[in-house]
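Trainee: Have a look at this fold, sequence not included:
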């Protein structure tokens, strides 16, 4: 790999202010040493976007809001549609051909070109070539204004306020990303590859829409909407990312959301509070608020409020199942956004998510205090210390005649089936649909990767079509 030209390095230093007049201290505190000042790209830190991936060399929590981000966009794709926001920013094109949009004008540019976006001016960047586009995004967030709820985040083309998921300082665990999961499984499955679903003109995407506010914390979601309308609205599906209730990102579910939107569903991918930020049941409260938001905004989002499903993988599958059996149960509602609307869902797709935390496959993991399980981190206590919390969060314990139909799509790893068979038996005894598909010789995060993504999507869509009585590819 060639070294970056000196002009690029000088540009980054000048624009970002990394030649300060007086010494600065990273947000984490402590003295500045070389280890804290060097950040080398690694796939483990990659975050997937709707059109590729991004990597934060310095996010808004590192220093004082100044950031450097690498964006990689697939051919003819765009990370998001044109938008505007309070902060100005620079793009610096490293590789590929970019189409730069600014206030109604466009320009095709090539590598070693800088692009400036003034505050509150509509702008965007798209890959105009047949190879990957790589560019730096250089920006300074106003952390004080963001914390006060005044600034931060893009404003969409319709003028609606949106908030960047990266704005504001909060703890984030990046131990589970699609890229590091791929690195772990590709030795055993060399033909596996991350699932990709190109942006489609048949789908409209809105990113970073605020759905609930908790104090200074703004929770956001992305919406993938079929471009056409239909009387009564399209069925909706809330897609919940996994990551052991402590890691993961809503962008990991962008391929599934895009695919289901192309099939005729309004797909919503929410962020929710994870254990490094807030313990159980905060994340459940968030997802209940997201369902309520879908109903509160059904008209403008094109959602049929009577047909909403939850779908999730791994930890997200557990949460999807919990939504399906708790309806408007006051234990889980919380005080989030859109009060007065129902948080019940009418169908569930649980992809390799456990439904019984008390099962020994999950509750027996805390033998070593130095290696707490994902459950212990989420609940704040091991099973032996707070069995009530572990059982309360187990979907298998909340099956009633009002539970939603469910489809389990499982890997071949038995520990991710914890509680499944018991829950299926209880649902079927009540006459509620409970289907099971176990894919042979599959790793745990199979739904994020080819060759399993398409079968997962197809089976999930067929199940939802059947429950919602939708003809394939139609929403009428």
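Mentor: Yes, it's here. No experiment lies behind these values; they were computed from the predicted model shown.
Trainee: after the lowest-mean-pLDDT helix or strand in the chain, next one along is what?
Mentor: When the helices and strands of the chain are scored by mean pLDDT, DSSP states H and E, strand 154-155 comes last with a mean of 39. Scanning forward in sequence from strand 154-155 by DSSP states H and E, the next helix or strand is helix 178-185.
Trainee: now that following helix, how far from the chain's geometric center?
Mentor: 17 Å (C-alpha atoms, centre = their mean, to the nearest Å).
Trainee: Output the contacting helices and strands for that helix.
Mentor: strand 193-194, strand 449-450 (3 or more C-beta pairs under 8 Å, 6 or more residues apart in numbering; DSSP states H and E). (Glycine included, C-beta is placed from N, CA and C.)
Trainee: so how many other residues sit close to the residue lying closest to residue 123 once chain neighbours are set aside?
Mentor: Excluding its sequence neighbours, the residue lying closest to residue 123 (C-beta to C-beta, 6 or more residues apart in numbering) is residue 117, at 4.2 Å. Using other C-beta atoms under 10 Å, residue 117 has 24 neighbouring residues.
Trainee: And for the one 3 residues further on?
Mentor: The burial metric for residue 120, expressed as a neighbour count using other C-beta under 10 Å, is 11.
Trainee: again, but for the one 3 residues further on
Mentor: The number of residues packed near residue 123 is 20, by other C-beta under 10 Å.
Trainee: quick one, what contacts it?
Mentor: 82-84, 100-103, 117 (C-beta atoms under 8 Å, 6 or more residues apart in numbering).
Trainee: Look up how far residue 242 lies from it.
Mentor: Remark: distance between residue 123 and residue 242 (C-beta to C-beta, to the nearest Å) = 33 Å.
Trainee: Same check on residue 294?
Mentor: 20 Å.
Trainee: Likewise for residue 118?
Mentor: Counting by C-beta to C-beta, the gap from residue 118 to residue 242 is 39 Å.
Trainee: Show me which of these two is the more surrounded one.
Mentor: Neighbour totals were compared for residue 118 and residue 242, and residue 242 leads with 26 against 12 (other C-beta under 10 Å).
Trainee: Break this protein down into its domains, please.
Mentor: Domains of the chain are assigned by automatic domain parsing as 6-155, 178-468.
Trainee: any idea how far the shortest one is from the chain center?
Mentor: Centre-to-centre, domain 6-155 and its host chain are 20 Å apart (C-alpha atoms, centre = their mean).
Trainee: doesn't residue 83 make contact with the residue nearest to residue 123?
Mentor: No - assessed by C-beta atoms under 8 Å, residue 117 is found out of contact with residue 83, at 9.9 Å.
Trainee: quick one: what helix or strand has residue 54 in it?
Mentor: Here residue 54 is assigned to strand 52-58, by DSSP H and E.
Trainee: what does that strand contact?
Mentor: For strand 52-58, the surrounding residues in contact (C-beta under 8 Å, 6+ apart) are 16, 39, 41, 45-47, 66-74, 77, 79, 132, 166, 179.
Trainee: Just after it, pick out the following helix or strand.
Mentor: strand 66-73.
Trainee: Run a quick neighbour tally on the residue nearest to residue 377 when sequence neighbours are not counted.
Mentor: Take residue 377 and drop its neighbours on the chain: the residue closest to it by C-beta to C-beta, 6+ apart is residue 275, 4.5 Å away. Using other C-beta under 10 Å, residue 275 has 25 neighbouring residues.
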